[in-house]
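# for reference, the sequence and a predicted model appear below.
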Amino acid sequence: VLTLVAFVLSGQSNGAIAEKAVLSGFVLLVVDLFSIAHYYFISRYPGTMVDIRKHLLLLMDVALLTFFVLIFGENGIFLLPLYTVVVMRAGLDFGVPFFYTSLFLTAVSWFILYAYSPYWQTHTDILAAFAIATVLMPLFYLKYIISIHEENTEIGQDLVEVEHDESYDELTGIASRKEF
């Protein structure tokens, strides 16, 4: 997005790009309002619908990225590497199932780009290269993503055990002073 803004501000773009930038600003404003509502929901109900919220965030990331690539046409090429970032961050932040979900959503978005954008229909070689890179690069790192997620799970379990040991006497099982 910063590259695109720099491109628009540098004077190298025509009026159509500037109009699309205004539309993008409006869309980002709506996303900001959604983010505020989402943050309120998370702070109010932290353990509720966690998997659904994560899937919704992935869907929103990929949908927004696809929208921006569609409306900016040939200038949207600067945004294509962000698909790889979304896929890899989904695996690192949320775990392997969300990694696969993001790969699926990204594949759907590539088909949407091809189906609805005249520019990407005529430049299938660029689209295919980025699609292949978006799939292959994260798959190359999948082993590391899995090991990081497993280590995070183990650390979380260890933390729960330590918190329990801190709150209860090991010999008697009676709650310690901290519990009272």
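Perfect, I can see it now. Because the structure is predicted, anything quoted here is derived from the model rather than measured.
# in the chain, which residue is most central in space?
Central residue of the chain (C-alpha atoms, centre = their mean): residue 86, 4.2 Å from the mean position.
# assign it to one of the three secondary structure states.
Put simply, residue 86 is helix when judged by DSSP: H, G, I helix; E, B strand; the rest coil.
# what count of nearby residues applies to the closest residue in space to it that isn't next to it in sequence?
Sequence neighbours aside, residue 61 is the residue nearest to residue 86 in space, at 5.0 Å (criterion: C-beta to C-beta, 6 or more residues apart in numbering). The way it works is simple: take the backbone N, C-alpha and C, and place the C-beta from them, glycine included. Residue 61 has 21 neighbours, counted by other C-beta atoms under 10 Å.
# repeat for residue 85
The local packing of residue 85 (other C-beta under 10 Å) involves 13 other residues.
# OK, contacts around it?
The neighbourhood of residue 85, defined by C-beta atoms under 8 Å, 6 or more residues apart in numbering, contains no residues.
# now the phi/psi pair for residue 175, please.
With angles defined as degrees, to the nearest 10, residue 175 sits at phi -60, psi 140.
# what does stretch 137-153 rub up against?
Outside stretch 137-153, the residues within contact range by C-beta under 8 Å, 6+ apart are 84, 87-88, 91-92, 95-96, 99, 103.
# how about a cut-off of 6 Å?
84, 87-88, 91-92, 95-96 (C-beta atoms under 6 Å, 6 or more residues apart in numbering).
# residue 170: which of those residues is nearest?
Nearest to residue 170, judged by C-beta to C-beta, of those is residue 95 at 32.2 Å.
# got the contacts of stretch 137-153 as a markdown table, with distance to residue 108, neighbour count and pLDDT columns?
Shown next, in a markdown table, are the contacts of stretch 137-153 (distance: C-beta to C-beta, whole Å; neighbours: other C-beta atoms under 10 Å; pLDDT from 0 to 100):
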| residue | distance to residue 108 | neighbour count | pLDDT |
| --- | --- | --- | --- |
| 84 | 16 | 17 | 88 |
| 87 | 13 | 29 | 87 |
| 88 | 18 | 19 | 85 |
| 91 | 18 | 25 | 81 |
| 92 | 21 | 17 | 79 |
| 95 | 20 | 20 | 82 |
| 96 | 19 | 14 | 83 |
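# correct me, but the residue nearest to residue 86 touches residue 83?
No: counting by C-beta atoms under 6 Å, residue 61 does not reach residue 83; the two are 9.4 Å apart.
# so where's the protein shaky on pLDDT?
The model of the chain has pLDDT under 70 over residues 1-18, 177-180.
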